[in-house]
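# using only what follows, build the 3D model:
(one chain, ligands or ions: 1)
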Amino acid sequence: AGGKDLSAHAADFPILSRPVRGRRLVYLDNAATTQKPEAVIEAERRFYRESNANIHRGVHFLSQHATDLYEDARERVRSFLNAARAEEIVFTRGTTESINLVAQSWARSTLQPGDEILITAMEHHSNIVPWQFVCGQIGAVLKVAPIDDAGELEPAAFDALLGPRTRLVAITEVSNALGTVNPVADLVRRAHAAGARVLVDGAQAVAHMPVDVQALGCDFYAFSGHKLYGPTGIGVLYGRRELLQAMPPWQGGGSMIETVSFERSTFAPSPQRFEAGTPNIAGTVALAAAIDYVLGIGLERIGAHEHALLAKATAAVQALPGVRVIGNAARKAGVLSLLVEGIHPHDLGTILDADGVAIRAGHHCAMPLMTRYGIAGTARASFALYNDDEDVEALVAGIRKAQAMFGGRP
Ligand SMILES: Cc1ncc(COP(=O)(O)O)c(CNc2co[nH]c2=O)c1O
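A predicted model of the protein is given here:
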């Protein structure tokens, strides 16, 4: 791994060799979930074959062995994000649960009525709805920083919304619907200068670029394993140690306690405090294997490869009559959203599917963003390390075919 041409890595992914509707699978729905390399599949399978036991508190070999694997995975994630300490890494089910944890534990115990949470117009529902919950619970106010037609934040408007009551800024590093890459380190500096903490939604970033939470300066960072070539059901919340240590637990049960009596219970320190119940141990081990796989190739190489594909696909579709690209930020990663005149995105997706090309159509869990553009949804192609020029050509051919079918100009 690492020295091979990236498109050769498609052979690492068993599913990519299966036909779809009798055609070669052209998987371009990676922003929804990525496919899994054999190394990740084998890591999970091997755990159940050789190491399975419940973790922590065990007195037998397998339990201690499984605990070691689990905590080794925590250290791999720490290193991957360049967090200062492994205790700053909390395992969750995914980005959505990570954000809900911060909303229900940190925000609900910190914010006062009238305090403000600032998000952006490009957020995924997972970085909108949890904040609506907590604003409703405590009487805080949700504010939204606008974006321009290109899909970029407007710095002056962002700054104007940062005020003395802003307690939290919650922003996506990469938009799942537009592909916009936000200048997170700069936005963190602005938020901190205004006295606000910052949560970064990294779901669409971690597979496309190196992430260094200390360099970003953020207070929380969330991502999902399944968007990083890892399994579903495992995600990560990074939090500054001093914040996690001061946060109340948000789910009660085993593992997160120190003592329990019917009168009162005391709680374990972070991260165990936030990991109630039996975790997805095998998924955690497989996530560590996914990180090893990605780092074996190199995130810079992956990002450059995907950037070249995105540029090729964008130029090709923009040359087609009646095609409008939604999201033209100066810096983008992984995602191409488009509309084809006279063809509903769902119809386009269905026609592409008939030829084995998998894209996503709809609002992409970003309904407010679609409203901002005055549209109901888009057709979205999203790229990964195993995609190649042939995949781009199949996408373009499918769009031309749809245009011919709908009487448009092919
Ligand atoms: C920016 C962003 N934030 C949060 C989430 C939620 O992640 P989860 O908890 O793992 O579901 C997603 C998932 N995005 C998509 C899931 O399916 N299509 C998508 O674009 C996302 O793209």
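# sticking with Val236, tell me its helix or strand.
Using DSSP states H and E, the element containing Val236 is strand 235-239.
# so what secondary structure elements neighbour that strand?
Under the contact definition 3 or more CB pairs under 8 Å, 6 or more residues apart in numbering; DSSP states H and E, strand 235-239 sits against helix 61-81, strand 89-92, helix 95-101, strand 220-224. C-beta coordinates here come from the backbone N, C-alpha and C atoms, glycine included.
# a markdown table for these, including mean pLDDT and mean neighbour count?
What follows is the helices and strands packed on strand 235-239, written out as a markdown table (pLDDT from 0 to 100; neighbours: other CB atoms under 10 Å):
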| stretch | mean pLDDT | mean neighbour count |
| --- | --- | --- |
| helix 61-81 | 98 | 18 |
| strand 89-92 | 98 | 25 |
| helix 95-101 | 99 | 25 |
| strand 220-224 | 99 | 29 |
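# so for Val40, which of those sits nearest?
helix 61-81 (12.4 Å; CB to CB).
# okay, now Pro368: neighbour count?
The local packing count at Pro368 equals 15, with neighbours defined by other CB atoms under 10 Å.
# report the contact partners of the closest residue to His346 other than its chain neighbours.
On the basis of CB to CB, 6 or more residues apart in numbering, the spatially nearest residue to His346 that is not a chain neighbour turns out to be Ala361, at 4.7 Å. Contacts here follow CB atoms under 8 Å, 6 or more residues apart in numbering; on that basis Ala361 touches 344-346, 348-349, 377-380.
# with Ala379 instead?
Residues 337-340, 345, 348-349, 359-361 are the ones in contact with Ala379 under the rule CB under 8 Å, 6+ apart.
# if you skip the residues just before and after it, what's nearest to the closest residue to the ligand within the stretch 251-400 of the chain?
Closest residue of the stretch 251-400 of the chain to the ligand, CB to the nearest ligand atom: His364 (4.8 Å). The spatial neighbour of His364 that comes closest, neighbours along the chain excluded (CB to CB, 6+ apart), is Ala177 at 4.3 Å.
# any idea which element Glu306 lies in?
According to DSSP H and E, Glu306 maps onto helix 299-318.
# so, low pLDDT: which residues of the stretch 1-150 of the chain?
Counting by pLDDT under 70, the low-confidence segments of the stretch 1-150 of the chain come to 1-5.
# how about 50 then?
Confidence mapping of the stretch 1-150 of the chain against pLDDT under 50 gives the ranges 1-3.
# now do the helices in it.
Along the stretch 1-150 of the chain, the stretches classed as helices by DSSP state H, counting those that start in this stretch are 38-46, 61-81, 95-101, 108-110, 129-138.
# of the ones you listed, which is nearest the ligand?
Among the helices of the stretch 1-150 of the chain, if distance is taken as CB to the nearest ligand atom, the winner is helix 95-101, at 3.3 Å.
# contact partners of the closest one?
By CB under 8 Å, 6+ apart, the surrounding residues in contact with helix 95-101 are 90, 92, 126-127, 130, 133, 170, 199, 201-203, 220, 222-224, 227, 235-237, 250, 274.
# among those residues, name the buried ones.
By neighbour count, with 16 or more other CB atoms under 10 Å, the contacts of helix 95-101 hold 90, 92, 126-127, 130, 170, 199, 201-203, 220, 222-224, 227, 235-237, 250, 274 as buried.
# so Asp201 bridges to which residues?
According to DSSP bridges, the partner residues bridging Asp201 are Thr172, Ala222.
# OK, contacts around it?
Taking CB under 8 Å, 6+ apart as the criterion, Asp201 is in contact with 95, 99, 123-124, 126-127, 170-173, 222.
# quick revisit: how about the helices of the stretch 1-150 of the chain in JSON lines, adding distance to Val325?
Rendered in JSON lines, the data for the helices of the stretch 1-150 of the chain read as follows (distance: least, CB to CB, whole Å):
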{"stretch": "helix 38-46", "distance to Val325": "32"}
{"stretch": "helix 61-81", "distance to Val325": "32"}
{"stretch": "helix 95-101", "distance to Val325": "26"}
{"stretch": "helix 108-110", "distance to Val325": "40"}
{"stretch": "helix 129-138", "distance to Val325": "28"}
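# fine by me, we can end here.
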